[in-house]
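> need a 3D model of the sequence below.
(2 chains)
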Amino acid sequence: MKKPFNSYIDDSSLEKLNEELIWKPTRKQKHKQRLLETINQLESAQPVKYKGNLFSIKQNRLLRNVVYCGIALFILSGAFISLAFVSPAMAQVAAKIPYLGQLFKQKPVSDVLYQELEKKGYKTASVGQTYYGGKKELVVSVEGSEKYFNKVREDITDIASKILSKRQYDAYTFKIERMEPYVYTEPNAQEKKIEKIQTDISTELEKHQYKFLLANVSFDSPPRVELEIPNTEKRVEEIKAVIHAVLAENKTENASIKIKKINLKKRDQDGRWGNIVTDVGEDLLGKEKYHVKMVGYSVHPEPQVLIYTSLSISEDNKKFASELEEMINEFLETKEMKNKVKDDSYQVLIYGKGKKKLN
Amino acid sequence: MENTKKEEIERWYDEHSDALLKFILMLVKDYQQAEDLTHETFVKAYLSYDLFQQNSSEKTWLFRIAHNVTIDYFRKQKPTSLLKDFLLSKKDQDRLPQEMIELKETSLELYQALGKLKDSHRKVILLRKVQGFSVKDTATILGWSESKVKSAQFRAIPALRKQLVKDGYVYEETV
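As a prediction, this is how the structure comes out:
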């Protein structure tokens, strides 16, 4: 039997469908939180960017790989600690809590796998460790044809499994995927224009010896120029005048100019603590037994190392957290880590389920 | 800069996540998967933020990412797609879980009929009629030519009507 449909199928009934389908605000909020946590993780894994590598129109290979994998990459992150040696203080730490000792001697597992695959001649585009949505994965992207991918898939999986197993990293699952080889595409007219304006701005600012870190031009409506300068550079109005002149020459005088002052000391601190947290998290995240879901950091107002665990709040777990905090403190006070920590005062915060503090 | 990027993604999330979730949900027909893929869309937007060339609006760009994310998802599901399609189409008959998604009775028939359309018809209706994108933006999101969007749209609305008739929901004019 046919049921009556309420109205004629037209644009308004389809728009009504859009209005009447509601994603519950509580769910939306929960997923927003999840997104922000993921971004925090990714931010803590990314190297700090300085002048010279950030003209946004240029696609860089590393970023492309990150985009493709949707993961945080640790390849050649500058956080290598393999050449360091174990000091007497560290040896004491290692005796108490083996994983810190181990990690001190080890490179990130993705570096090890990347180098191993490179040595054996595989066309590996990237290797990354991901903690995406609470799931820990070691991900390899292989560049090349479908045929090549099928040929090497099993061997690479085997090599990765052996490395994970040797380290007793049981928290990771392994994933391998094929990546289309990168094809360079010529920039279009607008991209070329943006690039020219960016180059002109850099050239002019450098000519007048103004200090700046980043110049970014976008043609979104309204078009704008964003400039990052060190907070020690006081000649803001003069810099704006130079940019105005460049924009006028390029017939884009309607673009707005936004200048952001950067505290370089804080930025350097941010970079150092990003690396520190990578070192601290390597083993903690790799092994199920530590129940660590995520590590993070903040340098505002002062450095904090954040350890998120899946532990419930109990006296035993609080004791575990306080031991862990003590060990991390000892680890950060070793001579080798001192170079990264410098004279910063910091806090180690360990959280259990529901973001309740354990220490 | 990092904070600005994060704040910008947060703003995009507040403004566009609803629309993206609905779009993805009606493509994958699995509410939990839709939430995960919406999350993935924003993570990818964050990661490729510096590549956003601003030739299009942020909403169009986000929808393009969401579309690619769902294509990737289906590609990965391929080996079991027949079984999955069957299971999902069964699931689609059920009501949506009230704690996650709510859909008023008056639009339920349309939601279900849209879910049964072929992929290209469903996408073009969702973008052009439900989300209100222009032909040009729809073409950008789907990676189609504008003429393909127009011709798909031309066929999609009659196909939807036909589906509603088939399901027995259509209004029958009395003489």
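
> now stretch A:242-259: average pLDDT?
For stretch A:242-259, mean pLDDT is 91.

> what about that stretch, start to end distance?
End-to-end distance of stretch A:242-259 (C-alpha to C-alpha, to the nearest Å): 13 Å.

> is that stretch in proximity to chain B?
No - using C-beta under 8 Å from any C-beta of the partner chain, we find that stretch A:242-259 stays clear of chain B, coming within 9.7 Å at best. Heads up, the C-betas are built off the backbone N, CA and C, glycines and all.

> other residues contacting that stretch?
Contacts to stretch A:242-259, defined as C-beta atoms under 8 Å, 6 or more residues apart in numbering or on different chains, come from residues A:193, A:196-197, A:200-201, A:204-205, A:208, A:210, A:217, A:222-229, A:236, A:239-240.

> same thing with stretch B:151-159?
A:9, B:117-118, B:120-125, B:128-129, B:135, B:144.

> closest to residue A:344 out of those?
residue B:123 (51.7 Å; C-beta to C-beta).

> got a list of what the closest one touches?
B:27, B:67, B:142, B:152 are the contacts of residue B:123 under C-beta under 8 Å, 6+ apart.

> now do the strands in the stretch 151-300 of chain A.
All strands of the stretch 151-300 of chain A, identified by DSSP state E, counting those that start in this stretch, fall at A:173-179, A:214-218, A:224-230, A:256-262, A:292-298.

> now chain B
B:101-103 (DSSP state E).

> so in it, where's the weakest helix or strand by average pLDDT?
When the helices and strands of chain B are scored by mean pLDDT, DSSP states H and E, helix B:81-93 comes last with a mean of 40.

> isn't residue A:231 right next to residue A:262, touching?
Yes - using C-beta atoms under 8 Å, residue A:231 is in contact with residue A:262, at 6.2 Å.

> more neighbours: those two, which one.
With neighbours defined as other C-beta atoms under 10 Å in any protein chain shown, residue A:231 and residue A:262 compare such that residue A:262 has more, 17 against 12.

> excluding chain neighbours, what is closest to the more buried one?
residue A:228 (5.2 Å; C-beta to C-beta, 6 or more residues apart in numbering or on different chains).

> wait, doesn't the one you found sit right on residue A:212?
Yes - contact criterion C-beta under 8 Å: residue A:228 and residue A:212 qualify, at 6.7 Å.

> centroid-nearest residue for chain B?
Taking C-alpha atoms, centre = their mean, the centroid of chain B lies closest to residue B:23, which sits 2.3 Å from it.

> skipping adjacent residues, who's closest to it in space?
Leaving out its chain neighbours, the residue that sits closest to residue B:23 by C-beta to C-beta, 6+ apart is residue B:126, at 5.6 Å.

> then residue A:296?
Nearest to residue A:296 is residue A:306, by C-beta to C-beta, 6+ apart, at 4.2 Å.

> how about the secondary structure of the one you found?
Using DSSP: H, G, I helix; E, B strand; the rest coil, the structure places residue A:306 in strand.

> just give me the neighbour total for it.
Using other C-beta under 10 Å, the number of residues around residue A:306 comes to 18.

> with residue A:243 instead?
24.

> swap in residue B:140?
Around residue B:140 there are 21 other residues, counting by other C-beta under 10 Å.

> just the closest residue of the stretch 251-359 of chain A to chain B, please.
Residue nearest to chain B within the stretch 251-359 of chain A: residue A:260 (7.5 Å; C-beta to the nearest C-beta).

> just the pLDDT for the closest residue to residue B:124 other than its chain neighbours.
Nearest in space to residue B:124, with sequence neighbours left out and distances taken as C-beta to C-beta, 6+ apart, is residue B:152 at 4.4 Å. Residue B:152 is assigned 88 on the pLDDT scale.

> residue B:152 and residue A:239: what is the separation?
Distance, residue B:152 to residue A:239, by C-beta to C-beta, to the nearest Å: 50 Å.

> again with residue B:48
Relative to residue A:239, residue B:48 is positioned 29 Å away (C-beta to C-beta).

> quick one, which of these two is more surrounded?
Set residue B:48 next to residue A:239 and count neighbours by other C-beta under 10 Å: residue A:239 wins out with 22 against 18.

> tell me where the chain has helices.
Went with chain A since none was named. A:11-20, A:25-45, A:61-69, A:88-96, A:98-105, A:109-119, A:146-167, A:189-207, A:236-249, A:264-286, A:315-333, A:335-341 (DSSP state H).

> look at chain B instead
Under the criterion DSSP H, helices of chain B are mapped to B:2-28, B:31-47, B:58-77, B:81-93, B:105-116, B:119-124, B:135-142, B:146-167.

> list the buried residues for the last one?
Read that as helix B:146-167. Within helix B:146-167, the residues that count as buried by 16 or more other C-beta atoms under 10 Å in any protein chain shown are B:148, B:149, B:152, B:153, B:156, B:157, B:159, B:160, B:163, B:164.

> ditto for the first one
When burial is assessed from 16+ other C-beta under 10 Å, helix B:2-28 yields the following buried residues: B:6, B:9-10, B:12-13, B:16-28.

> next one: stretch B:56-63
Buried residues in stretch B:56-63, counted by 16+ other C-beta under 10 Å: B:56, B:58, B:59, B:60, B:61, B:62, B:63.

> cool, and stretch A:155-163?
Result for stretch A:155-163 [16+ other C-beta under 10 Å]: buried residues A:156, A:159, A:160, A:163.

> any chance you could list what contacts it?
For stretch A:155-163, using C-beta under 8 Å, 6+ apart, the contacting residues are A:109, A:112-113, A:116-117, A:120, A:122, A:124, A:138, A:140, A:142, A:174, A:176.
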